[in-house]
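*Asks:* sharing a model prediction with you, sequence too.
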Amino acid sequence: MKRLFDIVFSFIALSLFAIPMAVIALLLRIKEKHAVFFRQQRVGRNGCGFEILKFQTMVDDAPTSTGRFLRKTGLDELPQFFNVLKGEMSIVGPRALTSFDIKRLGWNSAFFSARWEIKPGITGLAQIYGGQHRKISWFWDKYYIKTNSLLTDFIIIMISFAMNLFGKTRIRRIVFRRNNLK
């Protein structure tokens, strides 16, 4: 069911965002004068590598003017729906990490093997709570792996969408009812 949900939701998202994605691509190509897409090797389910697709938001390790807006709103992530259609990612799941990130976080031991049993996602619990600490990210990834369901996925998608519309800090304070979240 999850794969069917991913396919249907991806088709809907790509249909709804086709015109904004075309506008973004034109802006990046004409205004920023650089490649439209950012491609990077990431580690997926069962440790298999895949190439993630995002809109290019940085040049020489600095965000471009268009890139800052795309990153703030999450629009830079829209091309990942193509990764979902290809079966490399899911809509919801742990963040897709690079091999470097896995080593840096120390998540390359057998203790963290559960994280690689499911597909990485465009969004997830760790991304919603995000930016706190690697132990907290691992807690949320592990919690999702144990409790995931289509209802959980739908709730995570709605919260993620609200964060993109109204801002991460505002929505995190509502969802987690704490004022000390970033």
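*Replies:* Cool, the structure landed.
*Asks:* below-threshold pLDDT in this structure: ranges please.
*Replies:* Scanning the chain for pLDDT under 70 picks out 131-132, 176-182.
*Asks:* tell me which residue is most central in it.
*Replies:* Nearest residue to the geometric centre of the chain (C-alpha atoms, centre = their mean): residue 122, 3.0 Å.
*Asks:* mind checking which helix or strand that one is in?
*Replies:* Using DSSP states H and E, residue 122 maps to strand 121-123.
*Asks:* so what touches the helix or strand just after that strand?
*Replies:* Going down the chain from strand 121-123, the next helix or strand is helix 125-129, by DSSP H and E. Residues from elsewhere that reach helix 125-129 (C-beta atoms under 8 Å, 6 or more residues apart in numbering): 94-95, 121, 136-138, 140-141, 143-144, 156, 159-160, 163, 172, 175-176, 181. Every C-beta, even on glycine, is put in place using the N, C-alpha and C of the backbone.
*Asks:* in strands, which of the residues you listed appear?
*Replies:* Members of the contacts of helix 125-129 lying in strands (criterion: DSSP state E): residue 121.
*Asks:* ChimeraX command to pick out the buried ones of the contacts of helix 125-129?
*Replies:* Burial among these is assessed by 16 or more other C-beta atoms under 10 Å; the matching ChimeraX selection reads:
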select :94,95,121,137,138,140,141,144,156,159,160,163,172,181
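*Asks:* sorry, back to before: hmm, the residue nearest to the centre of the chain is touching residue 94, no?
*Replies:* No: with contacts counted by C-beta atoms under 8 Å, residue 122 stays clear of residue 94, the gap being 11.0 Å.
*Asks:* against residue 144, how distant is the residue of the chain most remote from its centre?
*Replies:* Of all residues in the chain, residue 30 has its C-alpha farthest from the mean position, at 26.1 Å, by C-alpha atoms, centre = their mean. Distance of residue 30 to residue 144, given as C-beta to C-beta, to the nearest Å: 40 Å.
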